[in-house]
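J.: Need a 3D model of the following:
(4 chains)
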2 protein chains.
Amino acid sequence: MSSITPAKIKPSLRDVADAAGVSRSAASLVLNDGDIRISDEKRKLIMDAARELGYRPHVGARRLSLQKTDTIGLVIPQDLSRLSQLYLFELTRHITEAAKYRNYDILLDFLHPAKPESPAADPTRVDGAVLISTRTAEDPSFNLIQENLPCVFIGGAFLDRPPENYVDFDIKTGTSEATRHLIGLGHTDIAFMAGIASPVKYSGYADAMKEAHLTPQKPRVTGPGDPDKETSRALEAVFNEHPNTSAIVAANDTLAIRLVKALTKKGMLIPNDVSVVGFDDIETSSLIMPSLTTVRIPMKELAVLTVNHLIDLIREKRTEPLHEILPTELILRDSTRSPRN
Amino acid sequence: MSSITPAKIKPSLRDVADAAGVSRSAASLVLNDGDIRISDEKRKLIMDAARELGYRPHVGARRLSLQKTDTIGLVIPQDLSRLSQLYLFELTRHITEAAKYRNYDILLDFLHPAKPESPAADPTRVDGAVLISTRTAEDPSFNLIQENLPCVFIGGAFLDRPPENYVDFDIKTGTSEATRHLIGLGHTDIAFMAGIASPVKYSGYADAMKEAHLTPQKPRVTGPGDPDKETSRALEAVFNEHPNTSAIVAANDTLAIRLVKALTKKGMLIPNDVSVVGFDDIETSSLIMPSLTTVRIPMKELAVLTVNHLIDLIREKRTEPLHEILPTELILRDSTRSPRN
DNA sequence: ATGAAAGCGCTAACAC
DNA sequence: GTGTTAGCGCTTTCAT
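T.: Numbers count the residues shown, from 1 in each chain, chains lettered A, B, ... in the order given. The predicted structure follows:
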């Protein structure tokens, strides 16, 4: 009866060993990378038995024994108010692929701001975590940090108290470049607008202005409330104070798109009457009319760098904190041109 | 020396039991839901010890012992050609939340079409899987199906050989409704256009036309290649054959947006000269000018239904296949109106 | 080169 | 009620 192999039940390593007439350790050695030590005949015996039984290793058991999970937590803030969703999905995809390439699984979680805990940041489920920063001081992801849990942030570099490990992109220089592009086109009255206060981007804008001996306008913030209405309101304010404004730097693409809409409603043509630049290069930006001049984020590099560093941290290959700021890229499209005058 | 609690090393259940002077099983019973059976004094003893040691249960060990993973795989096709990314991200978020609500983790993976296997569909890592269908006959997700792995598809209902368990939304009726809306507005020459052949949506369109005693045009497919060029080309074809076309039903929002752009370039005004309806209600659709009349997918219901059914499957609460088709909702916005004359 | 045996941290049957 | 014990499936000393 021992020769009858039960096809239904999932075979364990022990079953393979028994079938091959060897010990469990031998089977383990062979089925893993531990090639050496076992004679070729036994090895073949084991391989054959494994194949015949349809043996598949039990990842959970292996992990318990090895005291590691081979999985990385990915924590995305639930409150995406300022983060473009598309940006996040792209990022998610790249992170997942980067992790997979290194043989790590991804445990995904969306962080509810109210209760700052996450399975994706539980040291018994993951070896480490990637935390997407909200870029705000009260970033709930900070509460997930704990001893025993290596983690690296994406974003957060420009906070007053930045996280220990982060990868970010250079929002300041990016905004400066966008502004300089406008200045190069001949614009002199350039406004800056953001969904919520964005001091770093604003300083990028302001620096570029000063550098060209132009006076920066004060930052406009649309704030909460109905986005379209808020955008119109902010726009009103801009033109009240600076009637000759011929270009606007928006802190993100969604806002830029709303601006285009609001300006058009006011009877202004883009880019003929007003130029607009965005930030993020979300998919929509190339789709709309006019297509949007904007600043592209190096998404894939961001992801790869983050994952690789996290794994180094996990494996204790390095311990120095990671402070990486990647350059952005200005994408020229149809929403900007020289001013009329 | 036994009174010195090593603060550094992570305490296990055994440590707690020892510290409390009880057996491991007692500790286990108390720390889980198994409330009964243990006297209040012992219970308190154990709780105190656990708290003091900072005991956190080891999820992996628990899972091995219980022979389950409490995690659900989420497999997203890498080839997103026809699936809106935003749609997918929304879906991902809702699925993750639904799973979390039921105390399941999400193991995320993007499926490379070339090699049809996925950690998120490995029975030793997940208890079951949610598979996003590409809605094509060669859907690589089908290769992930295996005994021992409960899984439910999202989409795929309208394939010739649909999956055993699926939740989908009614693309046919949705398209019909969109078409009827156009007809109700007074349009008689209505075109249908898709990115790749979409027989079901087309039949929804055609049925609505016939029902109103109008003759459906043949379907237009933009196909691969530069999307904007392809869209213009398809549009050319439409107007060549049907010069009086005053409305277009697009199979998805992205295409609809491209249509708006292409039409505008041809000097036509939307919706004055031509009405356009989309499908999906991606975020962009409300953002652009004119905002897009489209068909909304019940994303959250889709996710909740899928996850709940999957869990029922996992727990063997039910075994009958799930064939659920949810209704869509027509969203009226600014890209449609009565024809001119 | 090979196998016996202990152990990863937890749960659950079974005695007491 | 409570504790002992035997696993879950795998890895890994440590003898042989």
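J.: packing partners for the host helix or strand of residue A:107?
T.: For residue A:107, the host element (DSSP states H and E) is strand A:105-111. Under the contact criterion of 3 or more C-beta pairs under 8 Å, 6 or more residues apart in numbering or on different chains; DSSP states H and E, strand A:105-111 touches strand A:71-77, helix A:85-101, helix B:85-101, strand B:105-111. Every residue, glycine included, has its C-beta placed from N, CA and C.
J.: Is it possible to get a markdown table of these that adds mean pLDDT and mean neighbour count?
T.: Shown next, in a markdown table, are the helices and strands packed on strand A:105-111 (pLDDT from 0 to 100; neighbours: other C-beta atoms under 10 Å in any protein chain shown):
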| stretch | mean pLDDT | mean neighbour count |
| --- | --- | --- |
| strand A:71-77 | 97 | 27 |
| helix A:85-101 | 90 | 21 |
| helix B:85-101 | 90 | 21 |
| strand B:105-111 | 97 | 25 |
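J.: Turn those into CSV, columns for distance to residue A:140.
T.: CSV is the format used below for those (distance: least, C-beta to C-beta, whole Å):
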stretch, distance to residue A:140
strand A:71-77, 7
helix A:85-101, 16
helix B:85-101, 15
strand B:105-111, 19
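J.: Quick one: residues contacting residue A:13.
T.: A:24, A:27, A:28, A:31, A:55, A:57 (C-beta atoms under 8 Å, 6 or more residues apart in numbering or on different chains).
J.: Might you calculate how far the strand holding residue A:107 sits from the centre of the chain?
T.: Between the centre of strand A:105-111 and the centre of its host chain there is 13 Å, according to C-alpha atoms, centre = their mean, to the nearest Å.
J.: Mind telling me which residue of the stretch 51-200 of chain A is nearest DNA strand C?
T.: residue A:65 (3.6 Å; C-beta to the nearest atom of the strand).
J.: now what about the host helix or strand of residue A:237, what contacts it?
T.: Using DSSP H and E, the element containing residue A:237 is helix A:227-241. By C-beta under 8 Å, 6+ apart, the list of residues contacting helix A:227-241 from outside reads A:191, A:193, A:217, A:220-224, A:245, A:248, A:255, A:258-259, A:261-263, A:265-266.
J.: hmm, 10 Å instead?
T.: When contacts are defined by C-beta atoms under 10 Å, 6 or more residues apart in numbering or on different chains, helix A:227-241 is touched by residues A:189, A:191-195, A:217-218, A:220-226, A:245, A:248, A:250, A:254-263, A:265-266, A:268, A:274, B:286-287, B:291.
J.: Could you do stretch A:264-272 as well?
T.: Taking C-beta under 10 Å, 6+ apart as the rule, stretch A:264-272 contacts A:185, A:228, A:231-232, A:235-236, A:239, A:246-248, A:256, A:259-263, A:273-274, A:276-277, A:289-290, A:292-293, A:333-340, B:289.
J.: rerun at 8 Å
T.: A:232, A:235, A:260, A:263, A:274, A:276, A:290, A:334-337, A:340, B:289.
J.: Now look at whichever strand or helix holds residue A:51 and say if it contacts DNA strand C.
T.: If you go by DSSP H and E, residue A:51 is part of helix A:40-53. Yes. Judged by C-beta under 7 Å from any atom of the strand, helix A:40-53 comes into contact with DNA strand C at A:41, A:42.
J.: mind checking the end-to-end distance for stretch A:310-322?
T.: End-to-end span of stretch A:310-322 (C-alpha to C-alpha, to the nearest Å): 9 Å.
J.: Show me which positions of it end up buried.
T.: A:310, A:311, A:312, A:313, A:314, A:322 (16 or more other C-beta atoms under 10 Å in any protein chain shown).
J.: Three-state assignment for the first one, please.
T.: Reducing the assignment at residue A:310 to three states with DSSP: H, G, I helix; E, B strand; the rest coil gives helix.
J.: which ones are touching it?
T.: Contacts of residue A:310 by C-beta under 8 Å, 6+ apart are A:72, A:128, A:129, A:130, A:150, A:151, A:152, A:165.
J.: from those, which are also near DNA strand D?
T.: Applying C-beta under 7 Å from any atom of the strand to the contacts of residue A:310, none is adjacent to DNA strand D.
J.: Inside strands: which ones of the residues you listed?
T.: A:72, A:128, A:129, A:130, A:151, A:152 (DSSP state E).
J.: Of the contacts of stretch A:264-272, keep whichever come out buried.
T.: Judged by 16+ other C-beta under 10 Å, buried ones among the contacts of stretch A:264-272: A:232, A:235, A:260, A:263, A:274, A:276, A:290, A:335, A:336, A:337, B:289.
J.: Narrow those to those in strands?
T.: Per DSSP E, the buried ones among the contacts of stretch A:264-272 map to strands at residue A:276.
J.: Would you state the helices of the stretch 201-341 of chain A in chain order?
T.: A:227-241, A:253-265, A:283-287, A:299-314 (DSSP state H, counting those that start in this stretch).
J.: Just confirm yes or no for the third one near chain B.
T.: Yes. Applying C-beta under 8 Å from any C-beta of the partner chain, one finds helix A:283-287 touching chain B at A:283, A:284, A:287.
J.: Can you point out the buried residues in that helix?
T.: Buried residues in helix A:283-287 (16+ other C-beta under 10 Å): A:283, A:284, A:285, A:287.
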